[in-house]
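A.B. asks: What follows is a predicted protein model with its sequence.
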Amino acid sequence: MTTQRRAHIDLGVQPAVAGTYALPGSKSISNRVLLLAALAEGETLVDDLLDSDDTRVMRGALEALGVGLLPEGESLRVAGCGGRFPTLRADLFVGNSGLSIRTLVPAIAAVLGSAGGAGDVVSLAGIARMHERPIGDLVDGLSQLGAKVEWLGTPGYPPLALHPAPLTADRVSVRGNVSSQFLTGLLQAAPLVARDKPLVIEVEGELISKPYVHITISLMKRFGVEVAQDGWQRFTVAPGQGYRSPGRISVEGDASTASYFLAAGALGGGPVRVTGAGRDSIQGDVRFADALAAMGARISWGDDWIEAAAPEGGLTGVDLDCNHIPDAAMTLAVCALSAAGPTTLRNIGSWRVKETDRIAAVAAECRKLGATVEEGADWIRVTPPVALSTAEIHTYDDHRMAMAFSLATLGARGVPLRILDPDCVAKTFPGYFDVFTRLGAASA
Ligand SMILES: O=C(O)C1=C[C@@H](OP(=O)(O)O)[C@@H](O)[C@H](O)C1
Ligand SMILES: C=C(OP(=O)(O)O)C(=O)O
């Protein structure tokens, strides 16, 4: 966002919250749909797209590659380029959007490989933190296929430049334990490589964040491309498939964003209902509701809504493997501050390489509120204090730090807080604090 960011926002206690909230569009779905629609044959009308920093950088990148994006009322018409970006000389800025860079790089490498000419080059850069987020495993995979990638800073990290080189191999192996976005990027690029044999993508080691790969495969299917899946280890894309526009597609509400509202219901009485994602969602983060239920929250589901209310006597601490819900799991850490007993979140090593080192950041800010926190390479344990202390919360330019910690102001144990740099929420939800500060009003 270009508007000036506020230094802080002061949040009072909201003892009781209830209401129904329509979720903004899913970031994960918006940015996949934008890229797939751009690469497809034909025009796609996209409804309910998220408008945030992450989708703006994806839109900006696609426009710089010559893709026509035309607002039509509340929707966006994407002029598909049939697998060939019209412009292959561009300097792209991707902010701190891991999903954008890790899906654009393989797609552009594939298009450069089939349609690039002498002098074509596409560079991708982001903010300083983006340049600390790994991309080496993805580039290794692309290099196995034949891509020519030049590191412009530290090898293994953005910024980088892509040069034309045909992708000829029919097998690629990629590490799965740093980010699932590497596999997503390779899968989405697979149909862009002209070949007469299938492309086989093998995952080395255990794949993390698996539900995001399910989103990828589901959306590729909506755009006419089938992926054959052998467990989570081997993915095959048959030749002769190209993306075709589904005509019109609507983006589900964001299930990671839903976690803040559901937690609000579980902490502040509720019921709080979110609409736009529910039982039928393709997003793995809807399973956050199960984690909240394990803490005692009363959860109900509809096809496209989820509702949460507080249990009699408050939440209870849990010990959970959160690998399948890496983003929404941050919300659990803050719920843990108001629960009875310790909460342990396991298998969350990827937190260390996201918008900030999220294990360190969550630990530091929970301690300020009075909690005892233990942490390991890939886990965190939060033991709540008898009563929370008020504090000034650092947000580390991480939207989820700002949104998750705002929840410590809710309910019987809530305390007033000052949240620093609150507008970092613009990465996925620019209007978050406008909605959050009015949560209590509906129940008053
Ligand atoms: O593919 C996606 O849309 C995402 C995958 C996850 O990343 P990792 O696979 O790096 O855990 C998640 O944290 C991110 O916000 C979005
Ligand atoms: C990790 C996140 O995003 P990304 O990896 O797409 O930057 C997130 O939204 O929490």
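C.D. replies: Cool, the structure landed. Residues are numbered from 1 along each chain as shown. Ligands and ions are numbered 1, 2, ... in the order given.

A.B. asks: Let me see the ranges of the strands in the stretch 1-150 of the chain.
C.D. replies: 8-11, 17-22, 43-47, 68-72, 75-79, 89-93, 121-125, 148-151 (DSSP state E, counting those that start in this stretch).

A.B. asks: The longest one pairs with which strands, parallel or anti?
C.D. replies: Going back to what we said before, that points to strand 17-22. With DSSP bridges as the test, strand 17-22 is paired with strand 269-275 (parallel).

A.B. asks: How many residues are close by Pro422?
C.D. replies: Using other C-beta atoms under 10 Å, Pro422 has 24 other residues around it. The way it works is simple: take the backbone N, C-alpha and C, and place the C-beta from them, glycine included.

A.B. asks: hang on, isn't it packed against His8?
C.D. replies: Yes: with contact defined as C-beta atoms under 8 Å, Pro422 and His8 form a contacting pair (6.7 Å).

A.B. asks: what about the residue of the chain found nearest ligand 2, distance to Val237?
C.D. replies: The nearest approach of the chain to ligand 2 comes at Gly98, 2.7 Å away (C-beta to the nearest ligand atom). According to C-beta to C-beta, to the nearest Å, Gly98 and Val237 sit 23 Å apart.

A.B. asks: thinking again about what came up before, which one of the strands of the stretch 1-150 of the chain lies nearest to Val334?
C.D. replies: Evaluated with C-beta to C-beta, those place strand 8-11 nearest to Val334, the distance being 12.9 Å.

A.B. asks: coming back round to it: check contacts around the residue of the chain closest to ligand 2.
C.D. replies: By C-beta atoms under 8 Å, 6 or more residues apart in numbering, Gly98 lies in contact with Met130, Arg133, Ser179, Gln181, Lys354.

A.B. asks: most surrounded residue in those residues?
C.D. replies: Most surrounded of the contacts of Gly98: other C-beta under 10 Å gives Ser179, at 26 neighbours.

A.B. asks: what about the nearest residue to Glu41 once chain neighbours are set aside, how many neighbours?
C.D. replies: Leaving aside its chain neighbours, Glu41 sits nearest to Gly82 (4.6 Å; criterion: C-beta to C-beta, 6 or more residues apart in numbering). Residues within reach of Gly82, counting by other C-beta under 10 Å, total 13.

A.B. asks: Against ligand 1, how distant is Gly82?
C.D. replies: For Gly82, the distance to ligand 1 (C-beta to the nearest ligand atom, to the nearest Å) stands at 25 Å.

A.B. asks: mind listing what that residue touches?
C.D. replies: Leu39, Ala40, Glu41, Gly242.

A.B. asks: Please report how far the third one lies from Val272.
C.D. replies: Remark: distance between Glu41 and Val272 (C-beta to C-beta) = 42 Å.

A.B. asks: which one of those two has more residues nearby?
C.D. replies: Neighbour count, other C-beta under 10 Å: between Glu41 and Val272, Val272 has more, with 28 against 14.

A.B. asks: For Val203, give me phi and psi.
C.D. replies: Dihedral angles of Val203 (phi, psi; degrees, to the nearest 10) stand at phi -100, psi 130.

A.B. asks: With Val13 instead?
C.D. replies: phi -80, psi 140.

A.B. asks: The nearest residue to it once chain neighbours are set aside: how many residues sit nearby?
C.D. replies: Using C-beta to C-beta, 6+ apart and skipping residues adjacent in sequence, the residue nearest Val13 is Gly414, 4.3 Å away. The tally of other residues near Gly414 (other C-beta under 10 Å) stands at 21.

A.B. asks: Can you pull the phi and psi angles for Gly414?
C.D. replies: Per-residue torsions, Gly414: phi -60, psi 150 (degrees, to the nearest 10).

A.B. asks: just use 58 as the starting number from now, easier for me
C.D. replies: With the count now opening at 58, the last piece we talked about shows up as Gly471.
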